[in-house]
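*Asks:* Structure, please.
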Amino acid sequence: MNPEPLRLPRLVLGALLFLPLLVTANSSVSGPDNHEHKELVRSNSLTLAAAIAAAQQNAPAQSALLAHQQEGDILQRRSALWLSAAPAVQWRYQTDALNNRNTPASASLRENEVGVELPLWRWGQRDAAQAEGEKAQTYAHQYRQWQAWQIAGEVRELFWQEQLQAWLVTQAEADVTAFKALESDIERKVKAGEVAPLERLIAENARRERELLLHEAETQHIDLQFRWRTLTGLGALPLHGEETQTDSSKPWPPLLTAQAWAERQQEVVRGLKAQGSGAPKLLIGSRRERAQNDVADSVGITITLPFAGQTHARAQHLPAQLQLAEAEDSVRREQRAATLAHHEAHHELNARTLALQQLSARLALAEQEIRLTRKAYQLGETSLQERLLGEQRYADIARQHGSARIARQWAIARFNQVQGVTP
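*Replies:* Now for the predicted structure:
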């Protein structure tokens with residue numbers, strides 16, 4: 001049977017199947033859903049401290065910081081008042097007109113009473129409220145310092161992540177260039193009849209593998225730059241962000257924040273104990289009694305003093321006591337975290353410094369080796385396999401050395417961060 005009549009329908013069917021893919025590809029390239037990632041510029045005038053300040057202005061946690069500041073101010077103002085709570089107005093009207101319907105309205109009994117209820121401070125309660133306001137203000141200040149420290153750490157981490165990935169992109173580009181040079185050398189040898197055409201395919205495959213590594217590095221680099229723009233709101237990166245290892249040390253900011261919160265909760269419990277069963281109340285009122293033609297006006301004073309048993313008072317203090325216990329546990333956790341963080345920062349910096357020294361020595365040897373390997377291959381003194389192994393070994397060592405150099409600067413930034421020192 002002749003298969004020729006079936007060739008045209010198969011081609012048409014293949015074109016119809018390929019057409020939706022082509023339309024989809026074109027729409028993904030030119031459609032509105034395409035996200036273009038612009039390369040961030042590296043500015044010599046932009047410092048890491050300025051980037052941290054921009055990130056703080058761009059931080060999403062703004063409402064909580066403002067709320068803590070307002071809390072401290074309100075509690076301080078409340079402790080300066082001479083009443084422990086808002087006053088209240090009371091009014092009472094009493095008559096017997098409904099029971100004595102046969103009695104004239106002028107002869108019925110009518111009473112009007114108006115009073116003002118004033119909540120008072122218990123002994124020591126006002127001082128406790130003032131101390132609570134002061135601790136709330138201290139916590140608000142420490143919370144702001146902790147937030148600034150945390151944002152500085154995020155900016156530092158992201159900056160060095162981007163620096164490392166930018167270096168990997170640069171190194172991947174150098175690898176592609178080196179393998180292209182190898183491919184050119186093999187092309188000349190193939191034309192001269194010195195090697196088989198198979199070696200050209202091997203070199204091309206090695207070059208394409210390096211191009212794939214370059215593409216992956218560029219993809220990760222784009223994502224990091226987008227994260228930087230989102231974190232700081234800036235379209236630029238500092239050209240230099242190297243830091244000097246600090247000699248000073250400040251307390252661990254999360255520990256200071258946990259201690260400030262625990263002290264604030266202690267004052268809350270102290271205020272509840274000073275409040276006792278409740279605030280005493282002073283009621284000052286006037287009463288007018290009218291019966292027939294008699295009118296009597298009087299002034300009354302009523303004092304309400306709540307009291308309760310020890311069990312009732314403890315039950316009211318339970319929520320605050322639980323929060324105090326959790327705050328004290330948080331202090332102990334942060335103390336342990338501070339010890340671990342300081343140890344890890346010292347250990348990491350020492351390890352990165354030693355690794356950089358060792359890789360610097362290896363890089364010097366690898367540079368000599370690859371120079372001799374390339375020359376030997378051009379002279380026909382070595383094989384393609386040895387040349388490829390040499391190129392790969394040199395590329396790996398160069399990548400490791402550059403990464404170690406950046407990792408050491410990164411470790412210095414982490415060390416300074418743990419010491420509580422920001423740019």
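
*Asks:* What's the per-residue pLDDT of the nearest residue to Leu384 once chain neighbours are set aside here?
*Replies:* Closest residue to Leu384 apart from its sequence neighbours, by C-beta to C-beta, 6 or more residues apart in numbering: Glu199 at 4.9 Å. (Each C-beta comes from the backbone N, C-alpha and C, glycine too.) Per-residue pLDDT puts Glu199 at 86.

*Asks:* In this structure Glu199 contacts Asp185, no?
*Replies:* No. The criterion here is C-beta atoms under 8 Å, and Glu199 misses it with Asp185 at 9.9 Å.

*Asks:* the more surrounded of these two?
*Replies:* Glu199 (22 against 18; other C-beta atoms under 10 Å).

*Asks:* who touches the more buried one in this structure?
*Replies:* Glu199 makes contact with Ile186, Lys189, Val190, Leu384, according to C-beta atoms under 8 Å, 6 or more residues apart in numbering.

*Asks:* do Leu384 as well
*Replies:* With contact set as C-beta under 8 Å, 6+ apart, Leu384 has these partners: Ile186, Val195, Glu199, Ile202, Ala203, Tyr377.

*Asks:* As a check, name the ranges of all strands in the stretch 101-250 of the chain.
*Replies:* Counting by DSSP state E, counting those that start in this stretch, one finds strands in the stretch 101-250 of the chain at the ranges 109-119, 236-238.

*Asks:* Select, out of those, the one closest to Ser277.
*Replies:* Of all the strands of the stretch 101-250 of the chain, it is strand 109-119 that lies closest to Ser277, at 13.2 Å by C-beta to C-beta.

*Asks:* So which other helices or strands are in contact with that closest one?
*Replies:* strand 88-95, strand 281-291, strand 294-304 (3 or more C-beta pairs under 8 Å, 6 or more residues apart in numbering; DSSP states H and E).

*Asks:* which regions of this structure lie under the pLDDT threshold?
*Replies:* Scanning the chain for pLDDT under 70 picks out 1-37, 97-108, 292, 308-310.

*Asks:* what ranges do the helices span in it?
*Replies:* 7-30, 48-57, 63-79, 125-192, 197-232, 253-275, 310-378, 384-418 (DSSP state H).

*Asks:* Confirm for me that Leu118 is in contact with Pro87.
*Replies:* Yes. With contact defined as C-beta under 8 Å, Leu118 counts as touching Pro87 (5.2 Å).

*Asks:* And the two? Which one has more around it.
*Replies:* Legend: neighbour count by other C-beta under 10 Å for Leu118 and Pro87, higher for Leu118 (18 against 11).

*Asks:* Give me the nearest residue to the more buried one, chain neighbours excluded.
*Replies:* The nearest residue in space to Leu118 (C-beta to C-beta, 6+ apart) is Leu282, at 4.5 Å.

*Asks:* Next: Leu46.
*Replies:* Spatial nearest neighbour of Leu46, excluding adjacent residues (C-beta to C-beta, 6+ apart): Pro238 at 4.8 Å.

*Asks:* partner residues bridging that neighbour?
*Replies:* Counting by DSSP bridges, Pro238 forms beta bridges with Ser43.

*Asks:* Against Leu231, how distant is it?
*Replies:* Going from Pro238 to Leu231 by C-beta to C-beta, to the nearest Å gives 13 Å.

*Asks:* Run a quick neighbour tally on Ala67.
*Replies:* Applying the criterion other C-beta under 10 Å, we find 11 residues in the vicinity of Ala67.

*Asks:* rewinding a little: pick out the most distant pair among the contacts of Glu199.
*Replies:* Val190 and Leu384 (11.2 Å).

*Asks:* Pretty sure Arg414 sits against His346.
*Replies:* No. Between Arg414 and His346 no contact is recorded; they are 10.3 Å apart, counting by C-beta under 8 Å.
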